[in-house]
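Chemist: structure here, sequence nowhere to be found:
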């Protein structure tokens, strides 16, 4: 399996504190030593780092965990390989072009028979079930909505529906972003916390690091961090439900589809 | 057009000095402001950074130019877009899997009608002529040699032949690596320098930076740097010939195919 880390903020914010915690789980406090990657969005641009070495040992990860790179949205992933060798091309996050924007995605879990998911235009570069599922999602969205990006509501519903289909094949915890919104889907484990004024101190669970968010924020800042497991030991994280899709923009929840709603909607359609 | 930077060394070496010079050309001393990227190989692993922002302004490029990340081989590229929008997926270097290894490639130049180059298995993610040509090269090598990597001689000959075909479509300056060797092909501009004992001082052309290589090397170090234009003002760089393929391993030239040899060989075959 793997671990995911995401951030959505209303002001450019660095991920150093959270990534320091995640990074330790890549070979030191956790077994996810088969590479790590990070996509960082700011003002619509996205840049990325992919490194198949253990994040706990990587000099590149060391830099990222100690240098303030201000971002609006971050998706990061540390890998424990199951399907696909340890290599650059199998290192999350993956990116594809859709509706004129670069969409970035990372997955935690394992999917049965992922390679039977039909694809036509969007091809994987590596050989993970995760990238195959991403190509299938992008292809489905492209087929469904054509050249024009749909509304938040329509896209959230479509993503929820597609993710529930993938969930039937196994574990599908997922983060997806276009640089404006961060879409998160939970099968088993995703936790999130929104930090806003009055800011407090927080201590990492995996490293002996304490931060006083008061010292690095203004009263207007809203920053949400989403992670497979809570990264701090003295804050209350919310756990996403099985089958829930939650969408963040500027640090706030802007769409949430709970599994019961989706089931009711599907049943209503059947009826 | 774009600029290329490569390094091959017999001992893990950082690219900070050379990249500081290249980076300035990405929006400050040069017009190549449409993104930059770097693939870094060490002990067979390759990690990569891709950033569509101008290298002269990028905080990520600032880090890379000031942090010593020791590598055996580096391929870096700063882009001045002609074909394909400025975006993450159009940012060099590109990577593909072949013969069980991750091959990384960057291109400077422009190719006529690149999208007519036939591909079947290796698909581009972005929409540059450069990536299309790379997919075609990998596909051709895969078809020609099957599952097993050929000898250095056979591969160099094949690459030279393919590169000369691409050169007929325009400008094809190229770097390609598997983490062991660095293959460079020149159409118009590629220069290289091998630094070895006795090491001296060198001054960048684009930045007010001087390095005394004596202070950062041992007598056994051999480091070759290859760049579109010489990066230093007080060293003698060798210029590659039009149509030349030069292969470096551990900082040394291990194969060199000059255009005349290739032509003679082709003529011999025809005869």
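Modeler: Nice, I can see it. Predicted, not measured: the structure shown is a model, and the values here were computed from it. Numbering: from 1, shown residues only, chains lettered A, B, ... in the order given.

Chemist: for chain B, what's the nearest residue on the stretch 151-271 of chain A?
Modeler: Closest to chain B within the stretch 151-271 of chain A is residue A:179: 10.2 Å, counting by CB to the nearest CB. (Each C-beta comes from the backbone N, C-alpha and C, glycine too.)

Chemist: same question but for the stretch 101-250 of chain A, I mixed them up
Modeler: Counting by CB to the nearest CB, the stretch 101-250 of chain A gets nearest chain B through residue A:123, at 4.3 Å.

Chemist: hang on, the earlier thing: so what's the residue nearest to the residue of the stretch 151-271 of chain A closest to chain B when sequence neighbours are not counted bridging to?
Modeler: Nearest in space to residue A:179, with sequence neighbours left out and distances taken as CB to CB, 6 or more residues apart in numbering or on different chains, is residue A:41 at 3.9 Å. Beta-bridge pairing of residue A:41 under DSSP bridges involves residue A:46, residue A:73.

Chemist: give the buried residues for stretch A:161-171.
Modeler: For stretch A:161-171, the buried set under the neighbour-count rule, 16 or more other CB atoms under 10 Å in any protein chain shown, comprises A:161-164, A:166-167, A:169-171.

Chemist: who's in contact with that stretch?
Modeler: The contact list for stretch A:161-171, computed with CB atoms under 8 Å, 6 or more residues apart in numbering or on different chains, reads A:1, A:108-114, A:133, A:136-137, A:140-141, A:172, A:174, A:185, A:187-188, A:243, A:245, A:259, A:262.

Chemist: so what's the closest residue to chain B within the stretch 51-200 of chain A bridging to?
Modeler: Nearest to chain B in the stretch 51-200 of chain A, going by CB to the nearest CB, is residue A:51, at a distance of 3.7 Å. Applying DSSP bridges to residue A:51 gives these bridge partners: residue A:36.

Chemist: that one against residue A:34, yeah?
Modeler: No. Between residue A:51 and residue A:34 there is no contact under CB atoms under 8 Å: 10.6 Å.

Chemist: near chain B, anything from stretch A:106-119?
Modeler: No. On the criterion CB under 8 Å from any CB of the partner chain, stretch A:106-119 is out of touch with chain B, staying 10.5 Å away.

Chemist: any buried residues in stretch A:242-257, and which?
Modeler: Neighbour counts over stretch A:242-257 (16+ other CB under 10 Å) mark A:243-251, A:255-257 as buried.

Chemist: quick one: the helices in the stretch 101-250 of chain A?
Modeler: For the stretch 101-250 of chain A, the helices defined by DSSP state H, counting those that start in this stretch cover A:129-145, A:152-167.

Chemist: contacts only, for the most centrally placed residue in chain A.
Modeler: With distances taken as CA atoms, centre = their mean, the residue of chain A nearest its centroid is residue A:175 (2.8 Å). Residues near residue A:175 by CB under 8 Å, 6+ apart: A:4, A:6, A:75, A:93, A:105-106, A:182-184, A:226.

Chemist: mind checking which of those residues are in strands?
Modeler: Among the contacts of residue A:175, the ones falling in strands (DSSP state E) are A:4, A:6, A:75, A:105-106, A:182-184, A:226.

Chemist: rewinding a little: out of the contacts of stretch A:161-171, which are buried?
Modeler: Members of those classed as buried by 16+ other CB under 10 Å are A:1, A:108-111, A:114, A:133, A:136-137, A:140-141, A:172, A:174, A:185, A:187, A:243, A:245, A:259, A:262.

Chemist: residues from chain A in reach of chain B?
Modeler: Counting by CB under 8 Å from any CB, the residues of chain A near chain B are A:40, A:45-53, A:58-60, A:63, A:67, A:69-70, A:87-89, A:95-97, A:102, A:123, A:125-126.

Chemist: now with 7 Å?
Modeler: A:45-53, A:59-60, A:63, A:67, A:69, A:87-89, A:95-97, A:102, A:123, A:125 (CB under 7 Å from any CB of the partner chain).

Chemist: in chain A, what helix or strand scores lowest on average pLDDT?
Modeler: The helix or strand of chain A with the lowest confidence, counting by mean pLDDT, DSSP states H and E, is helix A:259-270 at a mean of 62.

Chemist: OK, contacts around residue A:238?
Modeler: By CB atoms under 7 Å, 6 or more residues apart in numbering or on different chains, the contact set of residue A:238 is A:191-193.

Chemist: same question for residue A:16.
Modeler: Listed by CB under 7 Å, 6+ apart, the contact partners of residue A:16 are A:65-66, A:68.

Chemist: how about a cut-off of 10 Å?
Modeler: Applying CB atoms under 10 Å, 6 or more residues apart in numbering or on different chains to residue A:16 gives the contacts A:23, A:64-69, A:209, A:211, A:216.

Chemist: then residue A:84?
Modeler: By CB under 10 Å, 6+ apart, the contact list for residue A:84 reads A:34, A:90-91, A:124, A:126-132.

Chemist: how close does it sit to residue B:154?
Modeler: 29 Å (CB to CB, to the nearest Å).

Chemist: state the number of residues packed around residue A:219.
Modeler: Residue A:219 has 9 neighbouring residues, counting by other CB atoms under 10 Å in any protein chain shown.

Chemist: next one: residue A:86
Modeler: Residue A:86: 16 neighbours (other CB under 10 Å).

Chemist: residues in contact with residue A:85?
Modeler: Counting by CB under 10 Å, 6+ apart, residue A:85 has contacts A:34, A:52, A:126-128, B:97, B:100, B:102.

Chemist: again, but for residue A:50
Modeler: A:35-39, A:60, A:77, A:87-94, B:39, B:46-50, B:95.

Chemist: so which of the residues you listed sit within helices?
Modeler: residue A:60 (DSSP state H).

Chemist: from the contacts of residue A:50, which would you call buried?
Modeler: With neighbours counted by 16+ other CB under 10 Å, those contain buried members at A:35-39, A:60, A:77, A:87-94, B:39, B:46-50, B:95.

Chemist: sorry, back to before: and the residue of the stretch 51-200 of chain A closest to chain B, what pLDDT?
Modeler: Per-residue pLDDT puts residue A:51 at 97.

Chemist: that one: neighbour count?
Modeler: Neighbours of residue A:51 (other CB under 10 Å): 24.

Chemist: now swap in the one 3 residues further on and tell me
Modeler: A count of neighbours around residue A:54, defined by other CB under 10 Å, yields 21.

Chemist: cool, residue A:209 as well?
Modeler: Using other CB under 10 Å, residue A:209 has 16 neighbouring residues.

Chemist: just checking, it touches residue A:201?
Modeler: No. Here residue A:209 does not reach residue A:201: they are 11.0 Å apart, not a contact under CB atoms under 10 Å.

Chemist: what residues are shared contacts of those two?
Modeler: Counting by CB under 10 Å, 6+ apart, the contacts common to residue A:209 and residue A:201 are residue A:232.

Chemist: what bridges to residue A:248?
Modeler: Here residue A:248, judged by DSSP bridges, has bridge partners residue A:182, residue A:253.

Chemist: ok, it - contacts?
Modeler: Taking CB under 10 Å, 6+ apart, we find residue A:248 in contact with A:6-9, A:73, A:175, A:177, A:181-184, A:192, A:194, A:222, A:224-226, A:254-256.

Chemist: try it again at 7 Å.
Modeler: Counting by CB under 7 Å, 6+ apart, residue A:248 touches A:8, A:181-182, A:224, A:254.

Chemist: which of these tops the neighbour count?
Modeler: residue A:8 (31 neighbours).

Chemist: Three-state assignment for that residue, please.
Modeler: Under the three-state scheme (DSSP: H, G, I helix; E, B strand; the rest coil), residue A:8 adopts strand.

Chemist: where's the residue lying closest to it once chain neighbours are set aside relative to residue B:40, distance?
Modeler: Residue nearest to residue A:8 in three dimensions, not counting chain neighbours: residue A:248, with 3.8 Å by CB to CB, 6+ apart. Relative to residue B:40, residue A:248 is positioned 32 Å away (CB to CB).
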